[in-house]
Each structure stands twice: as C-alpha cells, then as structure tokens.
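Engineer: what's the 3D shape of this:
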Amino acid sequence: MNEPATRSFTTDPAAAEASDRIRSFKARQGRISALTSSTLATLGARYLIAPESAFDAKRAFGHDLPVIVEIGCGFGEATMAMAAREPHTAIVAIDVHTRGVARLMQRLQAESISNVRVVHGDAVAFLTDAVTPGSLAGVRIFFPDPWPKARHHKRRLVQRPFVDMLAARLAPEAVLHIATDWAPYAAQMLSVLTACPVLENAHEEYAPRPHWRPLTRYESAGLDKGHDVYDLVFVRR
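Structural biologist: Residues are numbered from 1 along each chain as shown. This is a model prediction of the structure:
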C-alpha cells in the first residue's frame, strides 16, 4: 500500500463542488466475514491504493502505464475481463463495498493479474483529492445506480459538477465511457455530458455497444427485464 502523502486538488471549483454534493452510494452495514477480513489483511498491501494519498501510477504499478479508472467495480467481473484484454493498461478499480473489493483481490491473486490496483472508498473523494488533473487515459462507469425515484435523483453520480471534475482529470484524447440500462438516466447523462465544453461525443448520440465491453451482472439483470442498454462515449478535447 502506498505511503501516506496526502495532496489535494480541491482548489478546482468543479472538484470541490462534486466532492461536497455527490454521495451516490448508501453504505451497507453488516459483519465482515473472516475470509473478507483475512483477504484485506493479506492482499491489501499488494493491491490496495490508499484513497487519502496522492496517486502515483509508477509507484502503484511499478512502471508507467496509461491509467484507466473504473468506478463501481462491484465484484470485479468486468475488471478482470478488461485487465486480461488490456495487459498494457493500468486499471484502478474503485468501490466502497468491502466484500466486493475483497473478492476482486482474491481473483487478482488467483489469476496472477498484475495491472489492477483497487481503491476501497469513495470514487469522488479519491478522484478529487488524490488524482492529478490531466493524468488519466480514461474513466469507465458501467451501470451506476440509477436511483430511479425522483426524490433520489440528487444521489445520481453523473451530474454536472462530477462530470466537470472528471473531465479535468482526463488527458487530451482520453475517453469517458458510461453505460446504463435505465433510459431516463441515460437521457440525463447524455444531456450532462453534452453540456461539458471540454468533452466531445464520439457518436451522434448513444454509442453502439463495444464488442470488448464485458457483460456485468447488472447489465444481465437489466437485459433479463427487457431493458435497452445505452453506451455513452465522450472524448476529452
């Protein structure tokens, strides 16, 4: 695990606003199993990135690679598939839920995957406080919680302050790729992303589903319910 070296970039107004306003998850309470606890203790030093420390890709991975951030990795099914497909890309997978983080680390160990590191914490805080502006090759957000009830829309992750902060962390020509099976959320995302002046839609509206994008459990559940799936692919100018 990285040595603490806290550095904050919240002088960026968009980053500060995103950090202050967006909390898109609800913390789950419950006991941590002995296996999960053991996994965190034994594999954390190898795979975990301290979310409060300044992120240094060379220190985290041992060499320089283009860095892709995956927000909301769940149990890591998509993460593992992307890591195998893109061995020369460094993937930083982020999730707040302990059991999923532990399960992903178990898989990384079992399959000897070396190009993934994990942040156990809030993606907004990590990106705001620990990631240098202009440093990321891409961000992927596959099937974020749609918070379908109107009174919960404020909890949706993809809002203008968050998108502005993300765009500031992307390098020129870097790609922001989001997918959802919730049509109203897709429409909101399209509107928000289109309004960001430094992002350009790679397609006229929604993108065709890329053949390489792994099928997640959330996508499978949506397809089983007859939902359409929407991909949005925007490029940093």
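Engineer: got the contact list for the residue nearest the centre of the chain?
Structural biologist: In the chain, the residue lying closest to the centroid (CA atoms, centre = their mean) is Ile71, at 1.3 Å. Counting by CB atoms under 8 Å, 6 or more residues apart in numbering, Ile71 touches Ile94, Ala123, Val139, Arg140, Ile141, Pro144, Leu157. Every residue, glycine included, has its C-beta placed from N, CA and C.
Engineer: sec struct for the fifth one, please.
Structural biologist: Here Ile141 is strand, with the state taken from DSSP: H, G, I helix; E, B strand; the rest coil.
Engineer: hmm, back to that, okay, the contacts of Ile71 in JSON lines with neighbour count, distance to Asn201 and pLDDT next?
Structural biologist: Shown next, in JSON lines, are the contacts of Ile71 (neighbours: other CB atoms under 10 Å; distance: CB to CB, whole Å; pLDDT from 0 to 100):
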{"residue": "Ile94", "neighbour count": "24", "distance to Asn201": "25", "pLDDT": "98"}
{"residue": "Ala123", "neighbour count": "27", "distance to Asn201": "23", "pLDDT": "96"}
{"residue": "Val139", "neighbour count": "25", "distance to Asn201": "15", "pLDDT": "98"}
{"residue": "Arg140", "neighbour count": "21", "distance to Asn201": "16", "pLDDT": "98"}
{"residue": "Ile141", "neighbour count": "22", "distance to Asn201": "16", "pLDDT": "98"}
{"residue": "Pro144", "neighbour count": "21", "distance to Asn201": "19", "pLDDT": "96"}
{"residue": "Leu157", "neighbour count": "24", "distance to Asn201": "19", "pLDDT": "97"}
